[in-house]
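sharing a model prediction with you, sequence too.
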Amino acid sequence: MELFSEVFGAYYQMTCYLLRVCGNPGRNGLSREEIQKMADRMGFAETSIYLLPKLLGEDGWPFLEKLSGTPPRWKSRLHSLPKRPLTLLERRWLSAVVSDPKAPLFLSYELLGRLSQALEGIAPLYQNKDFRCFDQYQDGDPYQCSAYQKNFRMVLSALQDGNALEISFQAGTHDGLENPRIHRGVYLPLQLEFSEKDDKFRVYCQRLHHGRLAGYATINLGRVLMVSPYYGKFEAPSERLLFQEWMKKQQCSQPVEVDLSPERNGVERFLVEFSSYKKETILDHQTGHCKVKIWYQKSDETEVLIRILGFGPVARVLGPKSFLQQVRARVALQAKRLEVTTQVKSKAMSSAKE
Amino acid sequence: MAFQELIKNFDRLRDYMRDFFIYGYKTRADYPGKSIRTYDNERRRIESYLGDYMCFRVQDGGRGKQVWLSMESGLLDRNPLYQTYRCKSFTDNDIVLHFFLLEIMSGTPPPQKEGWTAGELADKLSEQYGLCFDVQTVRGKLREYTASEKGLCFFTAERHGKSLCYRLNSEQEGLSRLLEKYHGNQELEDFLAFFSETAPFGVVGSYLMEREGFSNSHIRFKHHFLSHTLDDNILLTAIEVIATGELIEITNFGRRQKQKGTVPQPVVCTGVPITILVSAQTGRRYLVLYGDKRKNFHSFRLDYIQSIKRLGACPPELEKIRQQGEESINAAWGSAITWRPKRERFSMELFIDEKREKYILHRLLREGRGGTVEQVGINRFRYCIYVSDSNELMEWVKTFTGRIFKAEGDNSQVVRRFYSDMERMAKIYGGEDG
């Protein structure tokens, strides 16, 4: 099996698309400018430089026929609209994913059944048992629970159709209450988010109050107790744009700046672990130390903080001030706790001696 | 030779992509084994594929231009690094035969029920489109599109007398029709969008998305390690050999081999592949191998493996090795797998406000990988675990900085290092300008 094949490449894809457009009977071919625009849009930065002479040049590929007229236009020489058949690689990959426990969240039983039937006899490209994830959180969402599946599908369908829902869910335990609060409200789902580490889905929603935008909420799908359609009227003016704006505002105002020491392979370990974040690095070639700036979502600040602390003295936080203060507070508290333990220990030892 | 946007071998890109994306601090001077021209060409290619994400800065001290790829995975609708799989080079004959042969095979009934011979197809290309190809060239393409090793299988071949007859692979037709029927179906679109980012070999899902004209407008991915896709060719071979249990030879460039300023030298190791270990937190993936020479397990990071060579011959004690591998993996906290591991105890006592900080208790249970948690005093809890190498869990332990009363364990070196780290941290952050 080969993943890297020209058949899936940008040039083949673009040629296929071009031949479909140029071969459309309702269209009188394409002009050079239109073809160039298409190459610029679908290809890499320098694609049109290489591809255009091949498509339109005298010694190029024989796919297009120049039509008479000014400016000249080109039409497909194929008699039908091309579509690439499915490859064995794609079928084997599909065969693997349809058996994933998360597949029924997205597909109806009918479609899942049809897909499985069409893939019968196709060996899956991989099996889940070939992979062992050793640090995924152990309280992941119950993907195989029918109530969870039902809630998930209602949320997904509302997201697809732009409908609002009445949702009741259990709040997290961060507020320290014995019995977590139950929230009820009307929400317009805007975006799903999945974290492999947390093994959880969250949905970003617009909260509605009397049909009007009343802020945003993030709901863990695993904490949803009940979902039902909302039949009331609500304003839905370009909510996605507003949401994008809101998401941008969630970005930290200043990145956290960390000095990484090469000790214990710290630079490499840190940069791989934080590779999902937007970052900027500068290496001091003399000392091997690396200064890195990490941009993160404000809601993730504690997570970023404790993960940096996990690197111990190898990662030294330089700023911003508010972040550094939190680190200092935790380190100072830590020193105090260990000091207390040492004092208690030595007292116990001296009283034992006495 | 003039610059070409497309490349023949994906490995050429892999190291540069990783350096630009993960490290981002390197300049041309940091590639001692490569010529200036090679570096410039690879950088230009990557800029061509991923120009929107590329950043530059001129470094002080005349070290040249620093180049990096800047992406925040949580805000992206698809993995931009999949673009690098779309740049395989090809010949003029390859692309011409691809489109014309597929049109003939899918639209014209073959001369005999078994299909078309290579000669008949060469004639048809000439007669219908005026294209002259020798039979050998046509046969080569037909073989390539029939062989399962390539993973394409557009055609099937059947012997008819002395000649091989080719026809469109009917096995894919049912699925193709189904996808056509559900074209534009939102649930199918979201299904492919989700798995093309989260499932192994997600790039294949992205090929399907492109084929169907799908995009992802509903799902985003947090803690998403985009660079995994760069190792998928290695992973694919690894998965195939895990299934067969055959012996392999790994060429590995570990960090010790990648010492600064020198041309890296690989380490070659042979053995039996056991499984793939994945870390959802650190973004590392490993191939666990039973080394047949040292008779021990080794974990090789996939991103350090340069190549895997299949040696065939499955060892007779395969089942025993696999069973032992399973036990060793279960005994490990992370990826440090050893043959017949001895478990060592590690415990720590933590401050947790039992009324207000239940979420910390939940954290211990959720992230503690089977360790036990018991209350040992007011707002005082003990976490305890037995693992084969307690050094591995220290990064996690230190995420509780600020809460730890004491740490104890069988491995005194690990415990000493923990206390020494805490002292160093206190010194680093203790001063006003710390």
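That came through fine.

from here on, just use CA atoms for contacts and neighbour counts.
Fine.

what secondary structure does residue A:293 sit in?
Using DSSP: H, G, I helix; E, B strand; the rest coil, the three-state assignment for residue A:293 comes out as strand.

how much space between it and residue B:173?
When distance is defined by CA to CA, to the nearest Å, residue A:293 is 51 Å away from residue B:173.

who has more neighbours out of these two?
Using other CA atoms under 10 Å in any protein chain shown, the more surrounded residue of residue A:293 and residue B:173 is residue A:293, with 21 against 14.

got a list of what that one touches?
Contacts for residue A:293 (CA atoms under 8 Å, 6 or more residues apart in numbering or on different chains) come out as A:255-258, A:279-281.

ok, which of those also contact chain B?
Contacts with chain B are made by A:279-281 out of the contacts of residue A:293, judged by CA under 8 Å from any CA of the partner chain.

looking at the contacts of residue A:293, which one is closest to residue A:316?
Taking CA to CA as the measure, residue A:316 lies nearest residue A:258 of the contacts of residue A:293, at 5.4 Å.

could you check what's spatially nearest to residue A:308, not counting adjacent residues?
Closest residue to residue A:308 apart from its sequence neighbours, by CA to CA, 6 or more residues apart in numbering or on different chains: residue A:315 at 6.6 Å.

and that neighbour, what are its bridge partners?
For residue A:315, the beta-bridge partners are residue A:260 (DSSP bridges).

wait, what's in contact with it?
With CA under 8 Å, 6+ apart, residue A:315 has these contacts: A:258-261, A:266, A:308-309.

where in chain B is pLDDT low?
Along chain B, segments meeting pLDDT under 70 span B:1, B:255-264, B:431-434.

domain parsing for it?
B:11-73, B:92-173, B:182-224, B:228-331, B:344-430 (automatic domain parsing).

residue ranges for the strands of the stretch 151-300 of chain B, please.
Using DSSP state E, counting those that start in this stretch, the strands of the stretch 151-300 of chain B run over residues B:155-160, B:163-168, B:219-222, B:247-252, B:267-278, B:285-291, B:296-301.

where along the stretch 151-300 of chain A do the helices fall?
Using DSSP state H, counting those that start in this stretch, the helices found in the stretch 151-300 of chain A span residues A:239-249, A:266-273.

mean pLDDT lowest for which of the ones you listed?
When the helices of the stretch 151-300 of chain A are compared by mean pLDDT, helix A:239-249 comes last with a mean of 73.

could you dump that one to PDB, C-alpha only?
Extracted in PDB, the C-alpha atoms of helix A:239-249 (Å, rounded to 0.1, in the frame of the first residue of the first chain):
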ATOM      1  CA  GLU A 239     -24.000  33.900  14.400                       C
ATOM      2  CA  ARG A 240     -21.100  32.000  12.900                       C
ATOM      3  CA  LEU A 241     -19.200  35.300  12.300                       C
ATOM      4  CA  LEU A 242     -20.000  36.500  15.800                       C
ATOM      5  CA  PHE A 243     -18.700  33.100  17.100                       C
ATOM      6  CA  GLN A 244     -15.500  33.400  15.100                       C
ATOM      7  CA  GLU A 245     -15.000  36.800  16.700                       C
ATOM      8  CA  TRP A 246     -15.700  35.400  20.100                       C
ATOM      9  CA  MET A 247     -13.200  32.500  19.500                       C
ATOM     10  CA  LYS A 248     -10.500  35.000  18.600                       C
ATOM     11  CA  LYS A 249     -11.200  37.000  21.800                       C
END
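
that one near chain B anywhere?
No: judged by CA under 8 Å from any CA, helix A:239-249 makes no contact with chain B; its nearest approach is 8.8 Å.

okay, buried residues for that helix please.
In terms of neighbour count (16 or more other CA atoms under 10 Å in any protein chain shown), helix A:239-249 has its buried residues at residue A:243.

what residues does that helix touch?
Helix A:239-249 has contacts (CA under 8 Å, 6+ apart) with residue A:190.

give the bridge partners for the residue nearest to residue A:281 when sequence neighbours are not counted, please.
Of all residues not flanking residue A:281 in the chain, residue A:292 sits nearest, at 4.4 Å (CA to CA, 6+ apart). The partner list for residue A:292 in beta bridges (DSSP bridges) reads residue A:258, residue A:281.

can you count the residues close to residue A:292?
If you count neighbours by other CA under 10 Å, residue A:292 ends up with 25.
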